[in-house]
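Asker: here are the coordinates; sequence isn't available:
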């Protein structure tokens, strides 16, 4: 789970407060060899624990963006 927070922290250090969910999934797979199913489980777990926020467009038709909770709170 720490790898997901690490990826989001790296993005923040580069000036991005969030990442598209697909991008984060791909980075987890390529950089940390986390399988697609496992990555989904990790993201769901972190979201339930409140460590990350999954923000979807109002109509649920677009891509979700993932934030570290502290950065989402600062933006809102």
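Answerer: Cool, got the structure. Owing to the predicted nature of the structure, the values given are computational and were not obtained by experimental measurement.

Asker: what does the longest helix belonging to the chain rub up against?
Answerer: When the chain is scanned for its longest helix (criterion: DSSP state H), the result is helix 36-49. Contacts of helix 36-49 from elsewhere in the structure, counted by C-beta atoms under 8 Å, 6 or more residues apart in numbering, are 1, 4-5, 21, 24-25, 28-29, 34, 52-54, 66. C-beta: built from backbone N, CA, C; applies to glycine.

Asker: could I get these as TSV with secondary structure and pLDDT?
Answerer: As requested, the contacts of helix 36-49 are arranged in TSV below (DSSP: H, G, I helix; E, B strand; the rest coil; pLDDT from 0 to 100):
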residue	secondary structure	pLDDT
1	coil	77
4	helix	92
5	helix	94
21	helix	93
24	helix	93
25	helix	92
28	helix	92
29	helix	92
34	coil	90
52	strand	96
53	strand	95
54	strand	92
66	strand	95
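
Asker: Give me the residue at the spatial middle of the protein.
Answerer: With the centre of the chain defined as its mean C-alpha position, the nearest residue by C-alpha atoms, centre = their mean is residue 66, 3.6 Å away.

Asker: Is it bridged to anything, and to what?
Answerer: residue 19, residue 54 (DSSP bridges).

Asker: shouldn't it be in contact with residue 21?
Answerer: Yes: with contact defined as C-beta atoms under 8 Å, residue 66 and residue 21 form a contacting pair (5.4 Å).
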